[in-house]
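*Asks:* what's the 3D shape of this:
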Amino acid sequence: MLFFTILISLIAGNLLWWRRGHRLAAKLPRPRAWRIAIGIWCGTMAGTILFVVLSRVISGKLVAFIPAPVMAVVYIWHLLFAIEWLVWRGAANSASGLWRLARSQPAPDAGAAFSSRRQFLTAAAIVTPPALAALAAWRAVSQFEKFRVNPVTLRIPNLPPALEGLRIAHVSDIHIGKFSDDVLLKSVIERTNALRPDLICFTGDLIDFDLADLPAGLAMMRKWDPKFGTYVCEGNHDLMAGRGAFERQVLNAGFAMPINGTQSVYIRGQEVQLLGLRWGGPNQMDDSIVASDEQIKASVGTMFSQLRPGAFPILLAHHPHAFDYLGDSNINLVLAGHTHGGQMNFGPVHPAEARFRYISGLYQRGGRQLFVSNGVGNWFPLRINAPAEIVDITLRSA
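*Replies:* Okay, the predicted model is just below:
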């Protein structure tokens, strides 16, 4: 029901924008040409999003025929529609206000240029939102293959001496799919291996949606070369095309992906226990992309009985809210992703704060550490003040 509500809202939004633009076009020279252009834009946006959504429901593969720049424009147009609507309305209101202050001009001939400020500002009100979407898409496409290596030192109370200086490459949210390519994956392999990490911890969303993209992700992880292994937890996007199929293929490929379970590795004689959190509740079998705090708490609770005395536990949790449910356990380090660093941050304004308590970077409480990676890839093409990253973590005793 939610899915169809969102789809209908997106289509309705395009119709409303077309209706308003159709009325404004009557005030401009060559109104018929303006109306045709507005109709083509709205029809293209609405038709493409309908095609993308329905194709994903049917097979998840048809979107491959749509170029990434076009997809970027469509995503930005719809997912920033509220902002664009406010900008558009503001421009229209400004046009009306300035017109009231200006002297009226004679009506133009059909072929004449804009003959008044009001006409110019009305045209700007129509053109600005599509132009903003296209400009943002151009900026998004230029970011696809770029990410930083973020060096971080975490000081852990009671860190076992054998783990002093342990290097962890924290990789998250690659979202292999429409907005990634072989160039990005090659760079992720090379720059991760260049860190010479002891461990690689991947905290979910290897693929964006389509299981057909999973072999490329598995091939990438096979080329990683950590000293003591790669450890994986699942993310919500990984499961969208089938929880069972994703989990089965990753495990059959030989990767350590504990699902509300643990994997141990001995580093310089010290046991390190990698705990992988299941997406959703401990008994959840569907492919839901949403996990409630109650489900997260229940899944974290399944870990406590598996903790071994003397081992150093590291919790891999796609959703950072797992940090709140550690109880009195000895889990002092949590690695998470999911938030993309807020995706779009406008100075001190972080819209992601409406959904997440932890968005990006290091959080500490009572000697415990949570690090939330911004992730490497994108499901939504545009990042603003949320740079893609691989995190190079070094552990030190507090």
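
*Asks:* ok, residue 27 - contacts?
*Replies:* Shown in contact with residue 27 (C-beta atoms under 8 Å, 6 or more residues apart in numbering): 118, 119, 122. No exception for glycine: its C-beta is placed from N, CA and C like everyone else's.

*Asks:* how is it assigned, secondary-structure-wise?
*Replies:* Residue 27 carries the three-state label coil when classified by DSSP: H, G, I helix; E, B strand; the rest coil.

*Asks:* could you pull up phi and psi at it?
*Replies:* Dihedral angles of residue 27 (phi, psi; degrees, to the nearest 10) stand at phi -90, psi 0.

*Asks:* pLDDT wise, what is it at?
*Replies:* Looking at residue 27, its pLDDT reads 87.

*Asks:* can you give me the helices for the stretch 251-398 of the chain?
*Replies:* 293-301 (DSSP state H, counting those that start in this stretch).

*Asks:* residue ranges of the strands in it, please?
*Replies:* 261-267, 270-276, 312-316, 333-336, 361-365, 368-372, 389-397 (DSSP state E, counting those that start in this stretch).

*Asks:* want to throw the ones you listed into a markdown table with mean pLDDT and distance to residue 143?
*Replies:* Output for those, formatted as a markdown table (pLDDT from 0 to 100; distance: least, C-beta to C-beta, whole Å):
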| stretch | mean pLDDT | distance to residue 143 |
| --- | --- | --- |
| strand 261-267 | 97 | 34 |
| strand 270-276 | 98 | 30 |
| strand 312-316 | 98 | 26 |
| strand 333-336 | 98 | 22 |
| strand 361-365 | 97 | 19 |
| strand 368-372 | 97 | 20 |
| strand 389-397 | 98 | 12 |
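
*Asks:* next, format those as CSV and append distance to residue 196.
*Replies:* Below are the strands of the stretch 251-398 of the chain laid out as CSV (distance: least, C-beta to C-beta, whole Å):
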stretch, distance to residue 196
strand 261-267, 14
strand 270-276, 17
strand 312-316, 19
strand 333-336, 19
strand 361-365, 22
strand 368-372, 20
strand 389-397, 10
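
*Asks:* quick one: closest of the ones you listed to residue 65.
*Replies:* strand 389-397 (31.0 Å; C-beta to C-beta).

*Asks:* now do that closest one and strand 361-365, the angle between them.
*Replies:* 30 degrees (axes from the mean of the first three to the mean of the last three C-alpha atoms, to 10 degrees).

*Asks:* for the stretch 51-200 of the chain, give me the ranges with low pLDDT.
*Replies:* For the stretch 51-200 of the chain, the stretches flagged by pLDDT under 70 are 56-64, 80-115.

*Asks:* hmm, back to that, could I get the contacts of residue 27 as JSON lines with distance to residue 159, secondary structure and neighbour count?
*Replies:* Below are these laid out as JSON lines (distance: C-beta to C-beta, whole Å; DSSP: H, G, I helix; E, B strand; the rest coil; neighbours: other C-beta atoms under 10 Å):
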{"residue": "118", "distance to residue 159": "68", "secondary structure": "helix", "neighbour count": "20"}
{"residue": "119", "distance to residue 159": "69", "secondary structure": "helix", "neighbour count": "21"}
{"residue": "122", "distance to residue 159": "64", "secondary structure": "helix", "neighbour count": "24"}
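
*Asks:* what about the nearest residue to residue 267 once chain neighbours are set aside, distance to residue 281?
*Replies:* Distance criterion C-beta to C-beta, 6 or more residues apart in numbering; nearest residue to residue 267, sequence neighbours excluded, is residue 228 at 5.5 Å. For residue 228, the distance to residue 281 (C-beta to C-beta, to the nearest Å) stands at 31 Å.

*Asks:* likewise residue 289?
*Replies:* 14 Å.

*Asks:* with just CA atoms, put stretch 149-159 into PDB.
*Replies:* The C-alpha coordinates for stretch 149-159 follow below in PDB (Å, rounded to 0.1, in the frame of the first residue of the first chain):
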ATOM      1  CA  VAL A 149      40.100   7.500   2.500                       C
ATOM      2  CA  ASN A 150      39.200   8.800   6.000                       C
ATOM      3  CA  PRO A 151      41.900   8.000   8.600                       C
ATOM      4  CA  VAL A 152      40.500   7.600  12.100                       C
ATOM      5  CA  THR A 153      42.100   6.600  15.400                       C
ATOM      6  CA  LEU A 154      39.700   5.000  17.900                       C
ATOM      7  CA  ARG A 155      40.800   4.800  21.500                       C
ATOM      8  CA  ILE A 156      39.200   1.800  23.200                       C
ATOM      9  CA  PRO A 157      39.100   1.300  27.000                       C
ATOM     10  CA  ASN A 158      40.600  -2.100  28.000                       C
ATOM     11  CA  LEU A 159      41.800  -2.800  24.500                       C
END
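
*Asks:* before we move on, back to that, next, count neighbours for the residue nearest to residue 267.
*Replies:* Around residue 228 there are 17 other residues, counting by other C-beta atoms under 10 Å.

*Asks:* what about the helix or strand hosting residue 128, distance to the chain center?
*Replies:* Per DSSP states H and E: residue 128 is located in helix 117-143. Centre-to-centre, helix 117-143 and its host chain are 24 Å apart (C-alpha atoms, centre = their mean, to the nearest Å).
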